[in-house]
Structure formats: structure tokens, C-alpha cells
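**Q** Sequence first, predicted model second:
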Amino acid sequence: MNAYTEIYNSLKEFAGEANFSLDISESVAHGDYATNVAFVLSKQKGVSPKVCADELTQTLKEKISNIVNDIQVAGPGFINFFLRDDVLRKENESSQLKLVTSYSGKNILVEHSSPNLFKPFSVGHLMNNIIGEFVARAVKVGGANVMTMSFPSDVSLGIAKALMMIERDINKQEITIDYFNNEQEDVVIKYLGEAYVRGVKACEENEQSLEDAKKVLDKLYKHTNTGGIIEDETFYQLVGRTRIINENYFKKVLESIDSKIDAFVYESEAGNAGLEIVKENTGEGKVFTESEGAIVYIPHEDRKDINTSVFINSQGYPTYEAKDIGLITIKFSGAFGLQNVKDFIPEESFFITDAEQISHFKVVLDAASKLGGDWPEWVAKSHHVPHGRMLFKGAKMSSRLGGVPLALDVIGVVEEEVRERAGEKIAHLGDEEKKKLERDIALSALRVAVLRSKPGININFDPETSLSFEGDSGPYLLYTHARCSSLLEKGKEKGYEPIFGDVASLPIEHELVAFELVLKDAVETLAPQKLVTYLFKVAQAFNSFYGNTQIVTDNKEESEHSLAIVTRVKFVLKEGLHVLGINAPERM
RNA sequence: GCUCUCGUAGUUCAAUGGAUAGAAUUCAAGUUUGCGGUACUUGCGAUGCAGGUUCGAUUCCUGCCGAGAGCACCA
């Protein structure tokens, strides 16, 4: 049992059912932990918080003298706990993370980074990936059995427009279907992306193209709805082949930003499932209603925050709403058929999307909760995590990135920035190592820029200012981590071991002891900004310590104590950054 | 119009109803004959407005002002 739990339990004996808190103190003067229990109890007892706190402190001092050095009453009635140095050190010696959280032992599904096939990976996806990767890693470090899932869009008017252009090319004999089997992947990807743009443009320019695209969409729906009955052999092959190419490309992009998706569920699959469920539940006294040829859901009039929405359109196709109904069934019935993860039944399901979809999911979940059977339970287990947008400022970004910026282009701009600043220092590295390092640093800058704020708000992004590499930034944390590595290296050369000595504790040690608690809180509330703020505090406290203390000297005992601190700092940074999706290199 | 977010230093962001509202950046002044200066130290500077709830409000409630997003066959 750690010191926090021991203190908490002994407070609970006094507080009983009352709701109190035991927090990490904000400053050294306030000790390591602080509680407001006296405020809570003073009401029941009818005495002032201060008197109540004094009484409590007397009893507590005897009871937990084995872990606290001092207990002080401060301000209007706060009780501050100061840990004993030996307790502090014992906790800072740990180099293993064993968090017990509300996720521990549970199967948890995290859906994020859902691509639109044919459309390249944009900054919108990058934003989604940064939040999603955090959620996935957070619940994992919280002890969950995690699976990540992506929900690619494979049936939409946009995709039909692209397929229409490809069909035209085939008819004009400019390419053949074999092109997709034989040509190099990056060439094909380029072609597919251009087909999408050409298709959209063609439909803007003339009505006939739009009509054609709708016919292709019809064909696409028939194809997917019937499970691929071959009506048009070429079209069937085209759809299948382009899907695989786009999916592989998507996986490659994810890999290049240190992210991984375990399973795919296609929108077409979910559409089929949703269509059936919605139809079964349409009619008098049922959940869905026919209206103007479409099938809609009309929320209860108490729900002023959501509106009537179409689930099946008048052509009989499922809309995004019905597809999400279908997706919920697929998720909870463990029907990831082909992905060899059949027995994975999630106990919680998180899905990450842009904040503009908040009301959409409110409607879907409200409708789903009315479906009876397992549905209310599934809805209770479904958690929408909305995120804001990445907005761009600054000349460099806007000149390089017209229109909708691509994720890899944004990363490229940041990598350029890295080269400009670190050019000479990393000149001695091999090409491959240099590339990897530039990518790590660029990603750390981007991920921290996003994750230092609450999810859900827009991020203002300017690589020249807001994405400074100094101060509160990803590279600053990486740099501090690399500095730790280099110090440990130096200690090793001298033959020193990292061992805490018997000297008065330093501020950095009090900062470090909070790691597990902060991480647990950040994980349970899915609040990356709490972790980021803490990592900055640790890095600053450490750099300050480094600034006025020589770590490795001829004094063995002192050096070994300092090295023990360095070891813990490195561990905290490495593990903390990992949860944020950031790889911390040993050198930079 | 209805609904939902959000208004904190010049700027970008923090703060389970708690103590003197924290950082970074900008600006000003400093630190190294020492291990990585992408560092460290000091200073200037903020809760949109008006009420309410209570021991205590940036946080909760009401109104106003301001910004963004969503509102029927797109995803």
C-alpha cells in the first residue's frame, strides 16, 4: 500500500460517508498531500473548520507517524501532509507502472482515425489520431485490454464521384483494371487521389456528371448491400481493389506516425446492419417513424437539444445515423469477423470524432436507447469523445498548405523547422537515424501542442510561435529526457549506481512522487492536459535542480543520490510521453 | 430563430467549489573557467459585464454582451 492510500484510508475512518478529497499539494509549502476533510466535517459537528482540523491533526499525527513527518493546519482549515523522506524515496525507487483504475481488467474498444477512402489523410485525421491514440494508450496503461478500431467510409457520393472518373478512364481505355494490380502503390495512390478531385470538379461543372455519379452510388450501394453479387464484373473488381489499396496506404500513414489500428469495420457493413434494425423498429408505436418517404427518429419533446433526424432516406439507403446504429451492434456483438478477434466483447466503447458531430451522436444514442433488449446497456457503455479542430495561422503554414492541409505535409513543415534548429547537432547521425529523430521531434511538438489543452476545444497552430521548441513544448520534454540519458551514461562511466542517500529531500523528489497519482487521474478522466502540465512541472523542477547542482562529481554518495533522482525523472518522462503517443529518444 | 460549446496576462494554454488564479511566449534585466544553453534566475502582466447560491466562486445558477458549432434525407 502506498502512502497516499494509507493517508486516505485513515481519513476515511473519520469522514465516514462524507465526501472529502485528498489532493496533491500545489506547492512545497503545502506539503505533499492536502485534504479538505475538515470543511466537510465541520458542518456536521457544528464547529469551525479550523477547530475541526486541529482536533483531527492531533489524532492523525500519532496514527500515521510511520509515513508522515509532519501534519499542518493551514489557511481556513486545510490539512497538509508532509511525507517522511524514507517514504518518499521508497516510492520514487519504483520503476514499474501498476495502475489500478476503473478500466483495469476490462475489454475496451477505442474507435478513432476513421478515414474516407480515396481522400488523403488530412489534419482533421491527424487531430483525431492524436486524441484517439492518447485514449487508447491511456486506458491501456490503466490496465485495460484494448482494441483499436477504425470505421472507414466506403460508400458515399464523394467516393462514387471518384469511381465514376475511374470508370470513364477504363471506358476510354486509358487504364485497365490490371493497372491496380500491376502499377506501383504510390503511383496508384496518387491516381486515386486525383480521381477524387477530378470527380468532385466534374460534378460541380456539369449536371450530367452529377447524375452519373448518383448512378454509380446506386451501383455501389447495390454492390455492398447484396454482399457483392456480381452484376458488373469490372466494377466489382474495381471497388474491391481500390479498397485494399486505400486501406494499405492508410495503415502505412498510421505506422509512420506511431499509431496502430487493430480492426476495421466498413461503413457499408454497418449500413446493412443499421438498415435492418431501423426497418424492424419502424411503425406505429415503434421507435422510428415514416415521414415524407424517409424513415426518421423524432426525439421526445423534453430533449430540446436534439432534432428530428433521417435514418433511412427516401431512396431507401441508410444515412450516417442508421450506419452508426449498425456499428453499435457490430461493436458489442463481437462481430469483427475477419479480424481474428471474434471473442472481443467490449465492456466500454469509446469513439473519437470532431466536435461538430456531438448532436449527431446524441440523436443516435437516444434512438438506440429506446430499442429494447441489450440496447440500453450498449448505449450506457458507449462514450463519445469529441475534439476540436486544428486552425492554422502563420505565413509558413498557409504558403505551404493551401486548402485542406494534409497530415504528412504539416508534419513535413514541422520537420523542416526541426532541421533548421537542430541541423548541426544531429549532423553526425546516419541518414536513417536522423530521419527517425526528426520525425520523433516533430511528432512530439504536434502531439504536445494538441494534448496540452482539454480535448474538445480548437487548437491554434502556428509552427513559428505557438509551436515553439522552447519552453512548454514536446521538444523541451524530449530534450530533458535525453539529458537524463546522457547523465546516467556519465554516471555509469564513473562506476556509480543510482541509489538514494540519506540526505534532506529536494523539491524535485516531492514533485516526482506524484506521478502515479497524476497519471491515474489523467487516465480516468481522459484528460491529457493534466499529464502534460505535470510533465512540464517535473522537467522544470529537474532542470532547475540541474542548473544549480552538479550531478556527477567525485563525491560518490552525493552523485549516486542525484543519479537516483535522474533515473526517476527519466522514467516519469518516458512513461508519461508514451501515454501521449510520443517516443522519447535517448539522444537528440 | 432554437440548441450546444466557449469567453482567464499582448498572445497560446492550465486550475475535482478551496489557500497568494499557475505555465509558456513576448518584453526588460541577469546566470556558465561544471555533466547537452532547445537550459536556469528575477521582473512586468489576466478571470467579458451584472446579479444570485455559501464558510469560500475562474468553476454552480440567472440575465446581458461577445466568439464558434449544429439544426431532415451529406459523412
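**A** Received it, and whenever you're ready, just let me know what you need. Bear in mind that the values here come from a model prediction, so they are computed numbers and not experimental data.

**Q** Which is the succeeding secondary structure element to the host helix or strand of residue A:449?
**A** Counting by DSSP states H and E, the element that carries residue A:449 is helix A:431-451. As assigned by DSSP H and E, the chain's next helix or strand after helix A:431-451 is strand A:459-461.

**Q** now that following strand: mean pLDDT?
**A** For strand A:459-461, the mean per-residue pLDDT is 78.

**Q** List the buried residues of it.
**A** Buried residues in strand A:459-461, counting neighbours by 16 or more other Cβ atoms under 10 Å, are found at A:459-461. (C-beta placed from N, C-alpha, C; glycine too.)

**Q** What of stretch A:380-389?
**A** A:381-389.

**Q** In contact with the one residue in the stretch 201-350 of chain A that gets nearest to RNA strand B, which residues?
**A** Nearest to RNA strand B in the stretch 201-350 of chain A, going by Cβ to the nearest atom of the strand, is residue A:313, at a distance of 2.2 Å. Taking Cβ atoms under 8 Å, 6 or more residues apart in numbering as the criterion, residue A:313 is in contact with A:294, A:319.

**Q** Distance of it relative to residue A:271?
**A** 11 Å (Cβ to Cβ, to the nearest Å).

**Q** And residue A:417, by the same measure?
**A** Taken as Cβ to Cβ, the span from residue A:417 to residue A:271 is 43 Å.

**Q** I'd like to know which elements the helix holding residue A:449 is packed against.
**A** With contacts taken as 3 or more Cβ pairs under 8 Å, 6 or more residues apart in numbering; DSSP states H and E, helix A:431-451 sits against helix A:123-141, helix A:407-422, strand A:459-461, helix A:474-493, helix A:528-548.

**Q** Please identify the most buried of those.
**A** For the helices and strands packed on helix A:431-451, the largest average neighbour count (mean count of other Cβ atoms under 10 Å) is found in helix A:123-141, namely a mean of 24.

**Q** Can you name the next helix or strand after that helix?
**A** Next element after helix A:123-141 (DSSP H and E): strand A:145-150.

**Q** Can you name the residues in contact with that following strand?
**A** Contacts to strand A:145-150, defined as Cβ under 8 Å, 6+ apart, come from residues A:105-115, A:132, A:136, A:139-140, A:250, A:260-265, A:331, A:336, A:341, A:344, A:346.

**Q** Can you turn the buried part of these into a PyMOL selection?
**A** Here is the PyMOL command that picks out the buried ones among those, judged by 16+ other Cβ under 10 Å:
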select buried, chain A and resi 106+107+108+109+110+111+112+113+114+115+132+136+139+140+250+261+262+263+264+265+331+336+344+346
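
**Q** from the contacts of strand A:145-150, which ones fall inside helices?
**A** Within those, residues falling in helices by DSSP state H are A:132, A:136, A:139-140, A:250, A:331.

**Q** how about the residues of the stretch 1-150 of chain A near RNA strand B?
**A** Within the stretch 1-150 of chain A, the positions near RNA strand B by Cβ under 7 Å from any atom of the strand are A:21, A:23, A:25-26, A:29-30, A:34, A:36, A:39-40, A:43, A:49, A:74-78, A:80, A:116.

**Q** could you flag which of those residues are buried?
**A** Here, 16+ other Cβ under 10 Å leaves A:25, A:30, A:34, A:36, A:39-40, A:49, A:77-78, A:80, A:116 buried among those.

**Q** about what we covered before: out of the helices and strands packed on helix A:431-451, nearest to residue A:434?
**A** Nearest to residue A:434 among these is helix A:407-422 (9.0 Å), distances taken as Cβ to Cβ.
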